[in-house]
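Student: build me a structure from this.
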Amino acid sequence: MSIVAISCAMATIYLCRAADAPLEASAAPQSRSPTDEEIRSVLQQYIERDHWGGGIVVGIVDERGPRIISYGKMDHGENPPVDGDTLFEIGSITKTFTTLLLEQMIERGEMSLDDPVEKFLPSFFTAGDPAPWITKRLRVRYRLKSKIARLEVQEGDMLELPAGAELLHAVYGDLAARDRTADVTGNVASLVKSSHGAAVKVRAENNLAIRKLPLKAPAWGERKITLRDLATHTSGLPRERQGDIYEFLSRCRLPRRPGTKPEYSNFGVSLLAHAIELRAGTNYETLIKERICRPLQMGSTCITPTPELRARLAKSHNQENRTVGDLADELASLPGAGAIRSTANDMLKYVAAEAGLEDTPLTPSMERTHTIQFRQAFGEADLALPWWIFHRRGAEIITHGGTTWGHQAFIGFDKKAKRGVVVLANRADVLEQAVRPLGLYLLAPMAEQTKPVQIAADVLDSYSGLYEFKVLPEAILSIRPVDNRILAQFLNCVADEWLPVSNTEFVDRWRTGTTLKFTKDYFGRTTAVFTGPDGKAWRARRIHEEIPEELFRPVEKPLRPEECAPRNDSDLQGSWEATARVWYWPFASLDGTLRIAENPAGVFQAEFEFPELNATGLAVFVHYHPPDVELISKSGSGMFSGKINREHTQMNGYYIAGGRHIRTVLRRKEP
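Tutor: You can find the predicted model right below:
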C-alpha cells in the first residue's frame with residue numbers, strides 16, 4: 001500500500017478533530033470554538049507529551065481581527081520561541097499563489113485557462129550531459145597525412161589533437177550505450193578551426209555535449225495539455241521530475257487523456273509557473289512579490305530570504321524530529337509548486353483576503369480560483385484552482401496544505417463565516433496527522449465533549465499495548481490509559497484522546513461519530529475496533545503489552561560509526577546485516593543494515609538502513625531480555641521480534657507489519 005493510501009486510511013480513524021462526517025442534527029450539541037488557551041494546550045501536548053516537532057504557530061482571523069497562538073521554539077535548546085513573525089516553508093500552499101498569478105494573467109488578457117502550455121514554451125532548447133551519474137568518455141576520429149586515427153580519454157582528462165589534424169567525428173558520453181551519447185563533432189570542430197592549424201587540447205566535459213533540440217510537450221493524440229490541466233492536476237504528468245525541465249518534458253509519455261483524472265503533480269504546477277514566467281518576462285519570485293505580496297502588504301513572504309528574514313527562519317526537522325540543514329536547493333527546484341516561505345502574520349493577510357474579510361485588488365482573481373473544477377477529486381474533497389474544498393456541517397471549507405522536507409503548513413477559510421486559519425510547524429509529516437487535522441477542526445469546530453463514565457483503573461490498564469492494523473502495513477498504534485481516558489497514538493505522530501462510555505466502548509474526545517471498542521479475537525488476543533460514522537470498521541490486534549516511554553522520545557543525533565564498534569561486554573553492540581524473506585517468494589529479499597550502540601549498559605540506540613527503499617537513519621527502539629530481542633521502529637513502520645543465539649552473532653525471528661510475519665535474519669558483521 002502506498003504512503004498516500006495509508007494516509008487516507010489513517011485519516012479516517014485518526015485525530016477526530018478533523019472527522020469527515022457531520023454529527024446527526026438531532027444528537028449534536030451546540031458547537032463551540034476553542035479558546036486561545038485551549039489551542040495552546042493542544043500545541044503544548046503535541047510538542048511536550050507527543051514529542052512532535054519543535055514549534056507550532058496557529059493564526060486565526062475573523063471579523064474581530066487576527067490573533068496568533070504559538071508554542072515551542074525555532075529549534076531544540078535555547079533558540080527563540082516561534083511567533084507570528086517566524087519564517088516557515090509553506091510547501092504546496094505555493095500552488096495557490098501560482099494559480100492566483102494565472103488568474104491575474106487571464107484578467108490582463110495575456111493567457112487563457114484553455115491555452116495549450118506549449119504555446120508559451122520555446123520551440124527549441126539546449127541540453128547537455130547525455131549520461132548523468134555515469135563516468136563518460138570522449139572519443140575522436142581524425143585524419144592526419146592520409147592516415148585515420150582515434151583518440152579516447154576519460155571524463156575530465158585532456159585530449160590533444162596534433163597540428164594539422166582533420167576532424168572526422170567526435171562523440172561524448174556513455175560510449176557503451178548509443179542512447180546516452182552525444183555527437184559533439186560540431187563543438188570540437190569549432191575548436192580545431194579556431195586553432196589555425198596548431199595543436200588542439202580538448203577537455204572531456206559536459207560542456208561539449210550541449211546541443212539544440214526541438215521541444216514538444218506530450219499530448220494525447222490531438223488533445224494537448226492546457227493551463228487548466230496543469231492547475232487542476234489533470235495533465236497526466238508525473239508527480240515529480242528529474243533533471244532539466246525541458247529534457248524531462250520532451251521524454252514524457254502521458255498515461256491518459258489530459259483533463260480526465262486528477263492525479264497530484266508538483267511537476268505540472270511547476271510547469272504552469274514556468275509558462276507564466278515566460279509570458280510575463282520575469283522570474284516567479286518577482287511576480288509573487290509585485291503582484292501578490294505588495295498589494296497585501298506581505299513583507300516577509302519570499303523564496304530567497306534576506307539575511308534579516310533568514311535569522312527568523314525556523315529550523316527544519318525531519319520525520320525523525322532531527323534538525324536538518326537548509327534545503328534551499330530542493331525548494332528551488334519547485335519554484336511554483338513548493339518554494340515559498342512565509343510567516344503566520346503574512347499568511348493571515350493572505351487568508352483574510354481569500355475569505356472576503358478584506359476587499360483588495362486581488363479579490364476578483366481570488367474568487368475565480370475558488371470555482372470548483374472537479375467533484376470529489378481527492379477523496380471527499382472537491383478541487384478548485386487548486387484549492388481543496390470540503391463540505392462539513394453545512395459549511396464550505398476551502399483549504400490547502402503543504403509539506404516540505406522539514407516543515408508542514410495548512411491554510412483554510414470559510415467565506416460564509418468569514419473565518420480563516422493558518423497552522424505552521426517546523427517538522428515534516430507525510431501523514432499530515434497534526435497540522436491539517438488541527439486546522440480543519442479550528443475552521444469547523446466539533447460539538448462539546450462527551451461526559452465520560454468512570455471505569456476501574458485495572459480495566460483501562462488491560463487495554464495498554466502496541467497494536468498493528470492488518471490493512472495498514474506502515475502503522476503501529478500505541479494505546480495507553482491516562483486519567484480515565486485512552487490515548488491512541490501512532491508512533492511518531494500526535495495522540496488522540498478517547499473517553500469511556502462503558503467498560504469496553506469509547507468515543508473520541510470531539511464527538512465525531514467514530515467509536516472504539518475492545519474485544520477478544522478467536523485466540524483470546526486483545527483487539528481494538530475503530531468504527532467510523534459510515535459503519536466501516538478498522539481492526540488492530542495487540543502485539544506487545546509494554547509501552548516504554550523511551551519509544552516516543554525522538555533521537556536528535558544519528559549514530560556515529562565509532563559508537564557502534566563491537567564490544568565484548570555488549571551482546572548487541574555492532575553492525576548487523578538484516579535479510580527479510582517472504583516464505584512464498586524465497587528468491588527475493590529485502591536487505592538492510594542495523595547499527596546498535598549500548599551506552600550505558602542496558603541503554604540502547606539503534607538505526608536501520610534500507611538502501612533499496614532509499615531510507616537511512618531510521619531510529620529503532622531496542623527491547624532486550626536475553627535471549628529475546630525486539631526492535632521497534634520509532635516511525636511506526638513495523639517491528640522485529642526474535643531471539644539471539646548463544647554466540648551473539650545471529651538473531652532469528654520475524655518482521656511484523658500489516659498482519660504479516662516475514663522471516664528475518666540478522667547477522668553480526670565482522671569488525
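
Student: just confirm I276 is within a helix.
Tutor: Yes. Assessed by DSSP: H, G, I helix; E, B strand; the rest coil, I276 belongs to a helix.

Student: near it, how many other residues are there?
Tutor: Neighbour count of I276, defined by other Cβ atoms under 10 Å: 23. Quick note: C-beta positions are derived from backbone N, CA and C, even for glycine.

Student: domain parsing for this protein?
Tutor: Following automatic domain parsing, one gets these domains for the chain: 1-31+447-553, 129-209, 558-668.

Student: wait, which of the ones you listed is closest to L385?
Tutor: Ranking the domains of the chain by proximity to L385 (Cβ to Cβ) places domain 1-31+447-553 first, at 21.6 Å.

Student: would CSV of the domains of the chain with mean neighbour count and mean pLDDT be doable?
Tutor: Shown next, in CSV, are these (neighbours: other Cβ atoms under 10 Å; pLDDT from 0 to 100):
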stretch, mean neighbour count, mean pLDDT
domain 1-31+447-553, 17, 73
domain 129-209, 16, 87
domain 558-668, 16, 85
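
Student: can you redo the ones you listed as CSV with distance to L348?
Tutor: As requested, those are exported to CSV (distance: least, Cβ to Cβ, whole Å):
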stretch, distance to L348
domain 1-31+447-553, 21
domain 129-209, 43
domain 558-668, 33
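
Student: you'd agree I543 is in a strand?
Tutor: Yes. Counting by three-state DSSP, I543 is part of a strand.

Student: any idea how far it lies from K147?
Tutor: Separation of I543 from K147 (Cβ to Cβ, to the nearest Å): 76 Å.

Student: R279 contacts E110, correct?
Tutor: Yes. Counting by Cβ atoms under 8 Å, R279 does reach E110; the two are 5.7 Å apart.

Student: so how many other residues sit close to the residue nearest to K224 when sequence neighbours are not counted?
Tutor: Distances taken as Cβ to Cβ, 6 or more residues apart in numbering place P116 nearest to K224, at 4.0 Å, with adjacent residues excluded. Counted with other Cβ under 10 Å, residues neighbouring P116 total 18.

Student: identify the bridge partners of P116.
Tutor: Beta-bridge pairing for P116 (DSSP bridges): T226.

Student: tell me the pLDDT at it?
Tutor: pLDDT recorded at P116 is 97.

Student: for the residue nearest to N79 when sequence neighbours are not counted, give the beta-bridge partners.
Tutor: Nearest non-adjacent residue to N79, counting by Cβ to Cβ, 6+ apart: K73, 5.0 Å away. Taking DSSP bridges as the rule, K73 bridges to P81.

Student: which residues does K73 contact?
Tutor: Residues near K73 by Cβ atoms under 8 Å, 6 or more residues apart in numbering: 54-55, 79-82.

Student: likewise I288?
Tutor: Residues counted as contacts of I288 (Cβ under 8 Å, 6+ apart) are 97, 101, 301, 303, 340.

Student: pop out the phi and psi values for it.
Tutor: phi -70, psi -30 (degrees, to the nearest 10).

Student: against G574, how distant is it?
Tutor: 52 Å.

Student: pLDDT-wise, what's the bottom of the contacts of I288?
Tutor: For the contacts of I288, the model is least confident at I303; its pLDDT is 93.

Student: so that residue sits against T286, correct?
Tutor: No. I303 lies out of contact with T286 (Cβ under 8 Å); the separation is 9.8 Å.

Student: which of the two has more neighbours?
Tutor: Between I303 and T286, I303 has the larger neighbour count (other Cβ under 10 Å), namely 18 against 13.

Student: now the more buried one: phi and psi?
Tutor: Torsion angles, degrees, to the nearest 10, at I303: phi -110, psi -50.

Student: tell me how many other residues crowd the closest residue to it other than its chain neighbours.
Tutor: The shortest distance from I303 to any non-neighbouring residue, by Cβ to Cβ, 6+ apart, is to E285 (4.4 Å). For E285, the count of nearby residues is 17 (other Cβ under 10 Å).

Student: next SSE downstream of the host helix or strand of E285?
Tutor: E285 belongs to helix 284-288 when assigned by DSSP states H and E. Reading on from helix 284-288 to the C-terminus, the next helix or strand found by DSSP H and E is helix 294-296.

Student: helices or strands up against that next one?
Tutor: helix 344-354 (3 or more Cβ pairs under 8 Å, 6 or more residues apart in numbering; DSSP states H and E).

Student: show me what the following helix or strand past the helix it packs on is packed up against.
Tutor: For helix 344-354, the succeeding helix or strand toward the C-terminus, using DSSP H and E, is helix 363-369. In terms of contacts (3+ Cβ pairs under 8 Å, 6+ apart), helix 363-369 is packed against helix 94-107, helix 344-354.
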